[in-house]
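S.K.: Curious how this folds, go ahead:
(2 chains)
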Amino acid sequence: MISRQVTILNKQGLHARPATAMVNTAAKYKSEIYICRDEKKVNGKSILGLLVLAAECGAILTIEAQGSDENEAVEALVNLVTDHFGMGESS
Amino acid sequence: MAKHEEISSISGINASKGIVIGTAYVRKLNQETAITRTLISTDKIEEEMMKLRKAQNMVAEELELVREKIEKHLGTSYSDIISAQLAILKDQEVIREVQAYVEEHHVNVAFAYRVVVNQYIELLEDHDSEYFKERVSDILDIKQRVLLALISKQTILSTFTIDRPTLFISRDLNPADIMMLVSENVVGFITEFGGKTSHVSILARALKVPMITGAKDVLQKVESGQTCILDADKARIYVQPSQELLDEYDRKIVQLERRDKTFRAAHNKKAVTRDGYTFKLGANISLPMELDDVKKYGGEGIGLYRTEYLYLMKQNLPDEEELFNEYRQVTEGMQGKEVVIRTIDLGGDKMSALWDQDIRFESNPFMGYRAIRICLDRPSVFITQLRAILRSSAFGKTSILLPMITHIEQLTQSLEYIEEVKKTLDNEKIPYDKSIKIGMMIETPSAVMNIEAFVKIVDFISIGTNDLTQYGLAVDRGNERVTDVYNHYDPAIIKMIAKVVEAAHDAGIPATVCGEMASENRALILFAAMKVDNLSVAPSYIGSVRDRINRCDQKKAQRHLMKIIKMSTRKEITDYLDNILE
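M.R.: Numbers count the residues shown, from 1 in each chain, chains lettered A, B, ... in the order given. Predicted structure coming up:
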């Protein structure tokens, strides 16, 4: 199992659209994926789970993956978060 | 005449004008669909889970249909909301938890689904953040759809295959709901929450579906199946009206349709007074799909293209391509007739999910982070929009309109950004109209008092009478307790408008009036007298405004204005104007 920490950078936090992007990315991998914030741990392939985290801008999340493609999965999810979920917020 | 007070009626806010009669359909999302808990044997578990998958597929198909409609009418930029709903629908963790629940408790799948989804809803409701609390309605919506499909094997749409026109009543609505329901025999919308400027109201107006928002307790007062009259023009709903009132409204509707037909037939006529003074009569729009109506009623251009909609609808900032595609549809669609594109007027009552929480909940939003103030604070947002507008100017005559300018530096700074964007486009060899005209909105007392300085810099001015009245009289137009203070016919407001129009003419530039006042009969006399150059009104008002102008006499109006300008009370002014109109 591997895990990495990321900070939510986009201003509106992990709301419906980025959460959808995250779930869709996670679903591409066979590994089990979990996202943790404080004591809460949810399935990274579940949009309801991600919404329940209510991660606002600045929130620190831990992305965990376990399975045959765990490295690629975590890599892809970390990139998605640091890239503001591809939502192009430059200022 | 029927005695209206005896009939049960509910008042609200006119969000989209029109009158319709229909059968109420009341959507009560919080009300649990009747589900009983039934025990099932172990060998039936697979069968139960199969039912859930089938129900989910039904709902997914329905959502895909809605997506198609949205993309057809609005464009692909708007379908984000459906992707999020589909993700909620297909949530594999929820399905896994439902399966676990069914296996553990040996209960029917509908019961298990409700238990599992409700747990998530409770968790979300506990949050402090408004945004995450608001997502509860998306989840409730999906839950309701899935349970309906599970129990009655129906989708929301299939419950509307009735032949009677329906009035859809609910707590609130999202744009996807409106797109889904309209044309499925739903002829009007009533919601308990929401205001006139919400993105749902804008959409209802663009689709020309009558809508009343802010109808307090409508969910308690109306039941599905009851006949109702929705009179958005009066912002009133009559529940189970008498035959007499129904007949009266039937006649009214026929009359309105006849009037509308005459107006459409006159689409080629000029907005000219009896003695030959010609206004240019344009349209206010928010969405490209409104162009159809602009053409039908003969709008001579777009006097005000409001660009907030895409920013309000989307969960992220729209990019240059999305904006360009949208604007191009309008500039190209108007076939050379002028399109005045106003840069974003967000803030005030049009808050976007794009800003931080602390900005979204300002204590005094109309005085706060709004319009040009946002653009100058976030240049990248401004530049992206300016690039899109300039690029679209290569496809039809386009002008730029800057909102909420209160001092000269904001104007000069904005002009510098426009020059900068032009230079980059030159370097990139991207075509645009190099002689594009730039104007500003006049909507604050500071702009009025310093108008002589502003008109030296801009190519045209546009008077936003709603905001000018609000700021001029220091009155919140959304606050019911002070509605009597809000009045366009206050002598102070009329003097402000007269001063601005005169200053524009002295400087040799045209003046437009684009607020609600431009469609009021009383005000048209004043505008004719002042020789306002352009009027811009909602597409559906073009016909009635033109008709009124055709019956007006400019020279007489001028004599009236000389008297009116000396009056000191609003009552004197309105009485005088009403007297002329009779």
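
S.K.: Nearest to chain B: which residue in chain A?
M.R.: Closest approach between chain A and chain B, counting by CB to the nearest CB: residue A:46, at 3.3 Å. Any C-beta I mention is one placed from the backbone N, CA and C, and that applies to glycine too.

S.K.: Could I get the contacting residues of that residue?
M.R.: Contact partners of residue A:46, counting by CB atoms under 8 Å, 6 or more residues apart in numbering or on different chains, are A:23, B:91-94.

S.K.: Can you give me the distance of the nearest residue in space to residue B:269 that is not next to it in sequence to chain A?
M.R.: Of all residues not flanking residue B:269 in the chain, residue B:546 sits nearest, at 6.3 Å (CB to CB, 6 or more residues apart in numbering or on different chains). According to CB to the nearest CB, to the nearest Å, residue B:546 and chain A sit 43 Å apart.

S.K.: longest helix in the chain, by residue count?
M.R.: Assuming you mean chain A. Counting residues, the longest helix found in chain A (DSSP state H) is helix A:70-82.

S.K.: my question was about chain B
M.R.: Ranked by residue count under DSSP H, the longest helix found in chain B is helix B:45-73.

S.K.: got the buried residues for the next helix or strand after that one?
M.R.: Downstream of helix B:45-73, the first helix or strand assigned by DSSP states H and E is helix B:80-89. Using 16 or more other CB atoms under 10 Å in any protein chain shown as the test for burial, helix B:80-89 gives B:80-89.

S.K.: ok, these vs residue B:436, which is closest?
M.R.: residue B:80 (31.2 Å; CB to CB).

S.K.: just checking, that closest one touches residue B:314?
M.R.: Yes - counting by CB atoms under 8 Å, residue B:80 does reach residue B:314; the two are 6.1 Å apart.

S.K.: just to revisit the earlier point, for ChimeraX, write the select line for the buried members of the contacts of residue A:46.
M.R.: The ChimeraX command for the buried members of those (criterion: 16+ other CB under 10 Å) is given here:
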select /A:23 /B:91,93,94
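
S.K.: Check the contacts of residue A:46 and tell me the two furthest apart.
M.R.: Using CB to CB, the contacts of residue A:46 reach their maximum pairwise distance at A:23 and B:94, which is 11.7 Å.

S.K.: what pLDDT does residue 51 get?
M.R.: Chain wasn't specified; assuming chain A. Note on residue A:51: pLDDT of 90.

S.K.: think we crossed wires, I meant chain B
M.R.: With respect to pLDDT, residue B:51 has a value of 94.

S.K.: Spatially nearest residue to it, not counting backbone neighbours?
M.R.: In space, residue B:51 is closest to residue B:109, 5.5 Å off (CB to CB, 6+ apart).

S.K.: Could you do residue B:252 as well?
M.R.: Nearest non-adjacent residue to residue B:252, counting by CB to CB, 6+ apart: residue B:19, 6.3 Å away.

S.K.: Need phi/psi at the one you found.
M.R.: phi -130, psi 130 (degrees, to the nearest 10).

S.K.: The residue of the stretch 401-550 of chain B found nearest chain A and residue A:44: what is the separation?
M.R.: Nearest to chain A, among the residues of the stretch 401-550 of chain B, is residue B:417, at 13.4 Å (CB to the nearest CB). Residue B:417 sits 41 Å away from residue A:44, going by CB to CB, to the nearest Å.

S.K.: re earlier: tell me the one of the buried residues of helix B:80-89 nearest residue B:372?
M.R.: Distance to residue B:372 across the buried residues of helix B:80-89 (CB to CB) is lowest for residue B:80, with 27.1 Å.

S.K.: Outline the domain layout of chain B.
M.R.: With domains defined by automatic domain parsing, chain B comprises B:4-27+B:158-256, B:266-581.

S.K.: What's the local residue count around the residue nearest to residue B:269?
M.R.: When counting by other CB atoms under 10 Å in any protein chain shown, one arrives at 24 neighbours for residue B:546.

S.K.: quick one: contacts for it?
M.R.: B:263, B:266, B:269, B:271, B:281, B:298.

S.K.: That one belongs to a helix?
M.R.: Yes - membership of residue B:546 in a helix is supported by DSSP: H, G, I helix; E, B strand; the rest coil.

S.K.: could I get the domains of chain B as TSV with mean pLDDT and distance to residue A:65?
M.R.: Converted to TSV, the domains of chain B look like this (pLDDT from 0 to 100; distance: least, CB to CB, whole Å):
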stretch	mean pLDDT	distance to residue A:65
domain B:4-27+B:158-256	86	33
domain B:266-581	93	26
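
S.K.: Name the residues of the helix or strand hosting residue B:380 that are buried.
M.R.: If you go by DSSP H and E, residue B:380 is part of helix B:379-392. Residues of helix B:379-392 classed as buried: B:381-392 (neighbour count, 16+ other CB under 10 Å).

S.K.: cool, stretch B:66-81 as well?
M.R.: For stretch B:66-81, burial by neighbour count (16+ other CB under 10 Å) applies to B:66-67, B:69-70, B:73-75, B:77-81.

S.K.: centre of the chain versus it, how much separation?
M.R.: Distance, stretch centre to chain centre, for stretch B:66-81: 17 Å (CA atoms, centre = their mean, to the nearest Å).

S.K.: Does the nearest residue to residue B:400 once chain neighbours are set aside belong to a helix, a strand or coil?
M.R.: Spatial nearest neighbour of residue B:400, excluding adjacent residues (CB to CB, 6+ apart): residue B:438 at 4.9 Å. Per three-state DSSP, the secondary structure class of residue B:438 is strand.

S.K.: give me the number of residues near residue B:438?
M.R.: Neighbours of residue B:438 using other CB under 10 Å come to 16.

S.K.: Neighbours of residue B:52, how many?
M.R.: Residues lying near residue B:52 (other CB under 10 Å) number 21.

S.K.: Ignore what I typed, I meant residue B:235.
M.R.: A count of nearby residues for residue B:235, using other CB under 10 Å, gives 19.

S.K.: so what's the backbone phi/psi at it?
M.R.: Dihedral pair for residue B:235: phi 60, psi 40, per degrees, to the nearest 10.

S.K.: could you measure the closest residue to it other than its chain neighbours against chain A, distance?
M.R.: Nearest residue to residue B:235 in three dimensions, chain neighbours excluded: residue B:14, at 4.3 Å (CB to CB, 6+ apart). From residue B:14 across to chain A, the span is 30 Å (CB to the nearest CB).

S.K.: Please name the bridge partners of residue B:14.
M.R.: residue B:212 (DSSP bridges).

S.K.: shouldn't it be in contact with residue B:215?
M.R.: No - using CB under 8 Å, residue B:14 is not in contact with residue B:215; the gap is 10.8 Å.
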